[in-house]
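> Mind looking at a prediction? Sequence and model below.
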Amino acid sequence: TEGCGNEACTNEACGSSPGFQRMDNNAAAIKALELYKNNAKLCDPHPSKKGASSAFPENSAKGAHKFSACSNGKMNHKDLQPTREDFRDLNYLTEEKVYEILSLCSETEDYSPLIRVIGRVFSSAESLVQSFRKAKQHTKEELKSLQAKDEDKDEDEKETASGSSTAMEVEPEASASSADGPSHGENNVQKLGPIEVSVDIEAVRRVYDRLLSNEKIEAAFLNALVYLSPNVECDLTYHNVYAADSNYLNVFIIVMENINLHSPEYLEIALPQFCKAMSKLPLPALAKLARLWSQYSADQIRRLVETFQQLITYTVISNEFSSDNLVNEDDGVVAATKCLKIVYYANVLGGDLDMGHNEEEDDEPIPESSELTLQELLGEERRNKKGPRVDPLETELGIRTSDCRKPLIPFEEFVLYQSLKDLLAYEGNVEEDMMITFQISQTDLFGNPLMYDLKEGGDKIPVTNENRKVKYMLNKSVEKQFKAFRRGFHMVTNESPLKYLFRPEEIELLICGSRNLDFQALEESTEYDGGYNKDSCIIKDFWETVHSFGQEQKRLFLQFTTGTDRAPVGGLGKLKMIIAKNGPDSDR
């Protein structure tokens with residue numbers, strides 16, 4: 001969009017080309033990804049372009065000086081000197097160093113040195129592992145040892161008051177360590193707790209906060225992540241790097257603090273690759289990441305959830321899935337779901353846990369059922385005799401999701417129906433931004449794709465801000481499947497304890513019903529008999545009276561008519577209440 005600076009540029013995709021069509025940032029991002037996928041050619045930076053070095057940072061300075069020297073016809077000594085520091089020897093970053101480089105770039109209005117450094121550090125796992133480290137906290141034993149050394153040093157200085165050259169020498173190994181970054185030997189010696197990490201997370205957040213407001217710098221983070229992810233996946237898959245250095249987890253901690261990961265630019269290439277790399281982490285690393293994130297606030301957990309959900313949603317709506325191309329076989333969706341699981345357990349760990357009832361329950365034998373199970377009817381051997389398979393990460397963390405009484409954020413926020421709620425709450429232009437219709441795709445029991453219109457001609461009706469609230473329940477689409485599920489559920493329930501299948505609030509919902517009373521749904525499902533219909537005057541008066549009730553009166557009404565003051569699973573719309581005349585009309 002900025003162009004190379006050559007007004008006669010023949011590259012149609014270059015902003016300097018005479019035929020270039022201007023576009024907004026979103027359209028430019030999509031176009032850039034298309035060009036990247038097609039290996040489109042890059043035009044050379046034109047010498048007249050100010051700041052062209054940001055596009056070609058490694059060679060632009062040389063090119064600019066060469067052009068200047070040739071055009072003037074003679075070589076100037078000043079042209080041979082670099083105009084700025086390029087920080088080529090900087091292999092890791094600290095918060096202070098980032099601000100130093102940012103300050104220098106702001107003075108010259110040329111951010112290419114910072115872009116170059118970010119590209120180099122954030123595309124290398126080794127560099128990220130060393131970056132943004134906390135100041136090492138010494139143990140009591142180390143402090144005592146250091147104090148003893150200081151006392152010995154004081155004695156030595158007294159003895160050699162005149163000073164000697166050897167006393168002033170610096171050990172070569174210490175010097176090298178300070179120049180190249182934190183010592184690798186020190187990393188291996190330093191032991192971290194189950195939640196403790198060596199990266200300074202608050203410093204990382206402050207750095208992102210300062211840098212992500214600059215579009216050019218943000219592009220450097222995006223490009224670096226594209227290069228970083230395949231290498232990290234390879235390291236974890238084949239080189240067992242986490243076992244050699246647990247600080248390797250810093251890579252994932254730092255990247256996940258980027259609050260722009262859910263933006264469209266990341267969703268097509270960078271984030272799916274990074275999720276695949278994260279899914280390769282060994283079990284202890286996944287557990288440590290879950291424990292660390294469990295210390296985050298509810299808003300920070302919600303941001304992580306939305307990042308992975310956004311990737312899943314984007315992948316689903318961007319691809320044409322069918323019986324031959326199942327959504328649950330897509331690498332990006334699978335990897336994002338595995339990453340979402342880490343956040344799910346972090347949400348459980350960070351919530352209100354009640355683990356006192358876990359002591360000896362599992363030792364009780366489960367009574368054998370005399371009825372045939374579904375597996376036995378199908379001629380299969382019984383599996384999972386002690387209930388469903390337990391997730392290895394759950395075992396590693398030593399918890400059960402049913403132990404959580406109040407998570408950091410509601411469990412419902414992990415379910416993909418949030419997108420429908422977000423659609424209703426979306427404040428932008430639904431029709432232009434989302435481009436969806438009133439038609440859904442689904443598969444039957446045999447995997448055959450089916451299209452279903454939510455309203456007549458739904459495939460031709462765009463969803464807009466005005467018509468997005470549709471009173472339609474997706475019940476018929478799963479009616480046959482649910483009946484089959486219900487039969488199978490009753491056959492296997494007696495050997496699968498409910499506590500393994502549901503959280504407490506879900507069992508309460510199944511047994512007791514919902515506290516949410518939607519009397520509008522009850523009115524719509526009510527039937528009439530004996531001469532009454534929905535347009536009868538007395539029926540209209542009846543519903544007007546019922547809708548005017550307070551919550552307590554509505555509960556009493558339900559108690560009187562149904563025997564319970566709660567709604568069944570699925571809401572009051574599931575009740576088939578019939579209002580009928582009790583005999584003919586009279587004057588009474």
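Alright, I've got the coordinates.

> can we go C-alpha only for contacts and neighbour counts from here?
Fine.

> so how far is Asp433 from Glu427?
11 Å (C-alpha to C-alpha, to the nearest Å).

> How much space separates Asn347 from Leu289?
12 Å.

> neighbour count winner among those two?
Each of Asn347 and Leu289 has its neighbours counted (other C-alpha atoms under 10 Å); Asn347 has more, 30 against 23.

> what sits against the more buried one?
Contacts of Asn347 were listed using C-alpha atoms under 8 Å, 6 or more residues apart in numbering, and they are 293-294, 301, 407-409.

> and if you look at Leu558?
By C-alpha under 8 Å, 6+ apart, the residues touching Leu558 are 564-566.

> Count the residues that sit near Val415.
Per other C-alpha under 10 Å, the neighbour tally for Val415 reads 9.

> Show me what the helix or strand Ala219 falls within packs onto, helices and strands only.
Following DSSP states H and E, one finds Ala219 within helix 215-238. If contacts are counted by 3 or more C-alpha pairs under 8 Å, 6 or more residues apart in numbering; DSSP states H and E, helix 215-238 sits against helix 112-122, helix 125-130, helix 270-278.

> List of residues touching it?
Contacts for helix 215-238 (C-alpha under 8 Å, 6+ apart): 111, 114-116, 118-120, 122-125, 211-212, 241-242, 265-266, 269-271, 273-274, 276-278, 280-282.

> Please report how far Leu93 lies from Asn516.
Here Leu93 is placed at a distance of 53 Å from Asn516 (C-alpha to C-alpha).

> what about those two, which has more around it?
Taking other C-alpha under 10 Å, Leu93 and Asn516 do not tie; Leu93 has more neighbours (20 against 12).

> tell me, how many neighbours does the residue nearest to the more buried one when sequence neighbours are not counted end up with?
Leaving aside its sequence neighbours, Leu93 sits nearest to Ser131 (C-alpha to C-alpha, 6 or more residues apart in numbering; 4.8 Å). By other C-alpha under 10 Å, the residues close to Ser131 number 25.

> Then Glu202?
12.

> so is it in a helix, a strand, or just coil?
Secondary structure state of Glu202, per DSSP: H, G, I helix; E, B strand; the rest coil, is helix.

> Tell me the spacing between it and Ser106.
Per C-alpha to C-alpha, Glu202 is found 24 Å from Ser106.

> same deal with Asn91?
For Asn91, the distance to Ser106 - C-alpha to C-alpha - is 22 Å.

> more neighbours, the two?
Legend: neighbour count by other C-alpha under 10 Å for Asn91 and Ser106, higher for Asn91 (20 against 10).

> Settle this for me: the more buried one is touching Val121, isn't it.
Yes. Judged on C-alpha atoms under 8 Å, Asn91 makes contact with Val121 at a distance of 6.3 Å.

> Now the common contact residues for those two.
Common contacts of Asn91 and Val121 (C-alpha under 8 Å, 6+ apart): Ser127.

> Output the strand or helix carrying Phe252 as CSV, nothing but the C-alphas.
Under the criterion of DSSP H and E, Phe252 resides in helix 250-256. Extracted in CSV, the C-alpha atoms of helix 250-256 (Å, rounded to 0.1, in the frame of the first residue of the first chain):
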residue,chain,number,x,y,z
ASN,A,250,8.7,-19.1,27.5
VAL,A,251,8.2,-19.2,23.7
PHE,A,252,4.5,-20.0,24.1
ILE,A,253,4.0,-17.7,27.1
ILE,A,254,5.5,-14.7,25.2
VAL,A,255,3.6,-15.3,21.9
MET,A,256,0.3,-15.8,23.6
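
> Could you point out the helix or strand that follows it?
Once helix 250-256 ends, the next helix or strand along the chain (criterion: DSSP H and E) is helix 264-267.

> could you dump that following helix to PDB, C-alpha only?
Taking Å, rounded to 0.1, in the frame of the first residue of the first chain, the C-alpha atoms of helix 264-267 are listed here in PDB:
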ATOM      1  CA  PRO A 264      -7.700 -11.700  10.500                       C
ATOM      2  CA  GLU A 265      -4.000 -11.300   9.600                       C
ATOM      3  CA  TYR A 266      -3.000 -14.100  12.000                       C
ATOM      4  CA  LEU A 267      -5.900 -16.500  11.400                       C
END
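
> Which strands or helices does that helix pack on?
helix 25-37.

> what about 10 Å?
Here helix 264-267 touches helix 25-37, helix 215-238, helix 270-278, helix 298-318, going by 3 or more C-alpha pairs under 10 Å, 6 or more residues apart in numbering; DSSP states H and E.

> and this protein, what are its domains?
For the chain, the structural domains run 1-44, 416-495, 519-580, going by the TED database.

> mean confidence for the last one?
pLDDT averaged over domain 519-580 equals 89, rounded to a whole number.

> Endpoint to endpoint, it covers what distance?
Criterion C-alpha to C-alpha; first-to-last residue distance in domain 519-580 is 19 Å.

> any low-confidence regions in the stretch 51-200 of the chain?
Across the stretch 51-200 of the chain, the ranges flagged by pLDDT under 70 are 51-86, 136-191.

> one more time with 80, if that's ok
Within the stretch 51-200 of the chain, the segments meeting pLDDT under 80 span 51-86, 136-194.

> I'd like to know which of the contacts of helix 215-238 are buried.
Buried by 16 or more other C-alpha atoms under 10 Å: 111, 114-116, 118-120, 122-125, 211-212, 241-242, 265-266, 269-271, 273-274, 276-278, 280-281, out of those.

> Need the helices and strands packed on helix 215-238 in CSV (columns: distance to Asp330).
Listed next are the helices and strands packed on helix 215-238 as CSV, based on distance: least, C-alpha to C-alpha, whole Å:
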stretch, distance to Asp330
helix 112-122, 27
helix 125-130, 26
helix 270-278, 11
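
> Indicate which one of these is closest to Gln553.
Closest of those to Gln553 is helix 270-278, at 51.3 Å (criterion: C-alpha to C-alpha).

> which residues are in contact with the helix or strand just after the closest one?
Of the helices and strands lying after helix 270-278 in sequence (DSSP H and E), the nearest is helix 283-293. Helix 283-293 is contacted from outside by 193-197, 242-243, 246-250, 252-253, 278-281, 294, 300-301, 304, 339, 341-350, 392-398, using C-alpha atoms under 10 Å, 6 or more residues apart in numbering.
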